[in-house]
Structure formats: C-alpha cells, structure tokens
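Participant: sequence unavailable; structure follows:
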C-alpha cells in the first residue's frame, strides 16, 4: 500500500502501477540459480544471482527504473506467451486437429455437419445443384467451388505432412549414430571406409564403426581438442576421459595404476574395448600375477606434445599413478616433417575456426609451414624429441617413472601382404615414406623405445589404412610392449 501510494504521489498511471512486482523476477531468478547450482554450473548461477539481486534493489530504490523494468518484463512475457501459443497450437494442430481432419476427409465425414434431425430450414438451399434464381436470402446460398476446394485441401494436407516428414527425418539423421570418422583424425581414415581385408573375420566391424563415430572431438583452448569425457556404447566406452580396458578378475585392493597416452592407435581405433593394446598389456600382466588398473587416455589424432600437455593437466587434478606409458610417433612425423611448431600451439587461430575445421573432419589444422617444401626428417625428430623430453621431465617432477614407445605403421614394415591395402588406400609409391621413417627413427631420443618393427614378423593383413590396425595387430603390439615393460612392472609390483 505504501509503495502504491508513493507511486500515486509521483504521478504514476494505473497501468504503470499494475506492472509485475520485482519479487516475481527475484523468485524466477532463484529458480534459475537453483537449477544451475543443481547441474553444477557454478559461474552462471553466481552471475544470475548477482544480476537478480542488483536489479531488484534498483527497482525498489528507483520507481522510474521500476516502471521501465516492468515494461520490459511485460513485453518479454507478452512475446514469450505469443511464441508458446504458436508452438503449442501448432503442435495441437499437427498432432490432433490435422489427423482428425484427414480421417474425416478420407471417410467423407464432417464432424461439424448437423444430423438430419437437427437440420434447419436453410439446409435445403445448400444442396441444390441446378441453376436457379437469385435467392432473396443471399446469406443462405452457399455455392460450392469444387476446384478451389480440391487445391486448398491438397495444400493444407500435403504441406504439413511434408514439413512433419522433413522434421522427423532430420531428427532421425541427427540422433542416429553414424560410422563417420571422428574429426581431426590423422592417418588414412578413408572416405571409402577401412580396408576390408583387415576385418575379414570381424562381423562386428560395422557396429564398431558406428560406436567409434560417436566419440566426437571438441575444441579445447590448450590442447587443441579433446575426446569425450563420458561415452557409452556397445564396443566403445569412456569414463572420466579414459577409454574402458580389460579389468583383471582379481584386481585386489592395491593394483598398479598405469596411465597410457597416445593417439588413435593407443585409444584403440579399430578395436573393441577389451581388445586394445592397453587391454592386451593388462591381460599379459595378469597372467604374470601383476594386477594393473589401466587408464587409457589416448585421444584421436594426438601428438606427443598434446599428450604431454594432457598428462600435465591430469597430474594436477588426480593422484599420480605408478607408471606412465606413451605410445606415439606417426602423427608427430606426419605433422612435423615440414618446418612448423607443436600441434597444440595451432589454437592461435581461434576457437570458432578450429571448431569449424574439426567439424569438417580436417586431417591437419593449419600452421605456418610453407607448401611444396622438401620434407625434413630432422625437423620431425627434433620436435618429437622435445615433446618426449618435456613429458619425461614432467613425470620426473612427480616422481613417476615414464616409458615412451615409437609405434609401428605401414611405412615401417615392407611385406607383400600390405600391397592390397596400399592400393586400396591409394597411397601410391611408399618407398620415400619408408626411407623418411628410417631417417627419423635413427634420430630418436635415447629415452624412446623403438617398437616400430613389432609387426614385421606378423605376415598377415593387419592394417586397414596407413597406421590403424585390427585387433590382431593390437595384440601383437601389446606383446612387444609388455615384453619390454615387464621387468619394470615386476619391480614396481614388488616394491
């Protein structure tokens, strides 16, 4: 009453005095803040709370500001009501009125047509067909325009049906998992699909491709991009940023915690959860009585530098593990064979551009390297070795042992069995690439364990492009890595 009297004394009109109370906005803001806080969005909740309190205080201290704010709220609520009315009535029309009308048209039934017993005296005029004199009661004469009625009915029926079908199809395409390759991948992820010879005995391969298609990358200002934090499917599952791996039957209360880092091959692109390189290592350790709690932090298309940055973040947010394993090389050589810079620095182009490139499936993000320049294995080895040294210094500062492995790929072995995939992938003459990798491997840092020859003894089709392999290849690589890693694991287990 006092506020209304104050407004009256200031000359406020009755319409202005009917503006929504400031407490209404404060109550709505409280609901929004509670929802944000419940969902864990602390910063938006604080911002909304500060704005709501500030506006409420301002409205109570200044009747003029209160009147303006009230008019704004009134306009907003009006248009919200209009939009909701259109949306709700549109849904009612599409879901109820239109189907009933279509059924009536098909059955020649008019729900508004009165029953014969209820027809009035004007009904006789509406059913006449023969020409007659002009009726004195023009409002009772309702001539039928058959052509216009047919066109009108066609438009009214076809247009909403087409629109509904388009919306439904768009929703299905949007929500349906696809076998598309996750963006920003490296290697020969082919437009025609993986080389089928590598999956001759894998009837689950199409389902695996579908599951892998859901592991979409997202922009990250530091790392360039990162994989999903949580993801669930039949063959590919991610929890807290780590892909699921084989879990020993008797893990025990104090297993060795081992973190694995790498690109798509470490993530296990082309393998099911329990058949990745990481799972193969864990299974072999279990057979030796060494329980391992594995964390597969592989991310599609990552280089060693990005893995080191990812390791740095994890070490500052989680207790350190017992051992760290890096497995990489192919993405590094591919990106750094020309003068350039570490891949995680390419984020200088901005989040919008980078995200657009990721969404477009760009194999490499742009950098400052010139085109048509002679490949430099020295440059590739230099930048790769810098990343290796950086990751080892970071791990050493936390007192955690770390081992880095240089991975095999199609160019580090030369077997006739690979000729078909080379032809399928349209790679052409790969002799120069093989010579390039030989030069890079000769320049690797002494801390790097080179297992690039691991698949040379496996005379079988294991590659489905120039770096990714099937589960048989993953098992063979797991054996090579475990043989090298086993003494250190035993020492850690006994210690």
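Facilitator: Structure received. Just so you know, these numbers come straight off a predicted model, no measurement behind them.

Participant: pLDDT below threshold where in the stretch 101-250 of the chain?
Facilitator: 110-192 (pLDDT under 70).

Participant: just the strands in this protein please.
Facilitator: Listed in chain order, the strands of the chain (DSSP state E) span 218-220, 224-226, 238-239, 242-243, 256-262, 292-296, 323-328, 402-406, 448-450.

Participant: highest mean neighbour count out of those strands?
Facilitator: Ranked by average neighbour count under the criterion mean count of other Cβ atoms under 10 Å, these are headed by strand 323-328 at a mean of 26. All C-beta spots, glycine's among them, are computed from the backbone N, C-alpha and C.

Participant: helices of the stretch 351-495 of the chain, residue ranges please.
Facilitator: 351-359, 377-397, 419-424, 431-442, 471-494 (DSSP state H, counting those that start in this stretch).

Participant: can you put these in JSON lines and add mean neighbour count and mean pLDDT?
Facilitator: Shown next, in JSON lines, are these (neighbours: other Cβ atoms under 10 Å; pLDDT from 0 to 100):
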{"stretch": "helix 351-359", "mean neighbour count": "15", "mean pLDDT": "57"}
{"stretch": "helix 377-397", "mean neighbour count": "19", "mean pLDDT": "95"}
{"stretch": "helix 419-424", "mean neighbour count": "16", "mean pLDDT": "94"}
{"stretch": "helix 431-442", "mean neighbour count": "16", "mean pLDDT": "96"}
{"stretch": "helix 471-494", "mean neighbour count": "18", "mean pLDDT": "97"}
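
Participant: among those helices, which comes closest to residue 100?
Facilitator: Among these, helix 351-359 comes nearest to residue 100, with 42.4 Å by Cβ to Cβ.

Participant: number of nearby residues for residue 210?
Facilitator: Neighbourhood size, residue 210 [other Cβ atoms under 10 Å]: 18.

Participant: for the nearest residue to residue 208 once chain neighbours are set aside, grab phi and psi.
Facilitator: The shortest distance from residue 208 to any non-neighbouring residue, by Cβ to Cβ, 6 or more residues apart in numbering, is to residue 235 (4.8 Å). Here is the backbone geometry of residue 235 (degrees, to the nearest 10): phi -120, psi -10.

Participant: circling back to that earlier point, nearest to residue 252, of the helices of the stretch 351-495 of the chain?
Facilitator: Here helix 471-494 is closest among the helices of the stretch 351-495 of the chain (Cβ to Cβ), at 10.5 Å.

Participant: hang on, residue 307 packs against residue 327?
Facilitator: No. Residue 307 is not in contact with residue 327 according to Cβ atoms under 8 Å; the separation is 9.1 Å.

Participant: give me the common contacts of the two.
Facilitator: Common neighbours of residue 307 and residue 327, counting by Cβ atoms under 8 Å, 6 or more residues apart in numbering, are 261-262.

Participant: tally of neighbours for the residue nearest to residue 471 when sequence neighbours are not counted?
Facilitator: Of all residues not flanking residue 471 in the chain, residue 275 sits nearest, at 4.1 Å (Cβ to Cβ, 6+ apart). Residue 275 is flanked by 23 other residues according to other Cβ under 10 Å.

Participant: over to residue 268?
Facilitator: The number of residues packed near residue 268 is 29, by other Cβ under 10 Å.

Participant: where do the helices of the stretch 201-350 of the chain begin and end?
Facilitator: With DSSP H, counting those that start in this stretch as the criterion, the stretch 201-350 of the chain has helices at 205-212, 264-267, 277-287, 304-317, 330-336.

Participant: how about the ones you listed, which one is nearest residue 42?
Facilitator: helix 304-317 (16.7 Å).

Participant: show me what contacts residue 42?
Facilitator: residue 36.

Participant: if I look at it, how far off is residue 222?
Facilitator: 21 Å (Cβ to Cβ, to the nearest Å).

Participant: circling back: so which of the strands of the chain is nearest residue 342?
Facilitator: Closest among the strands of the chain, once you apply Cβ to Cβ, is strand 224-226, at 9.7 Å.

Participant: residue 257 is in contact with residue 291, correct?
Facilitator: No. Residue 291 lies out of contact with residue 257 (Cβ under 8 Å); the separation is 10.2 Å.

Participant: surely residue 440 touches residue 330?
Facilitator: No. At 10.4 Å, residue 440 does not count as touching residue 330 under the criterion of Cβ under 8 Å.
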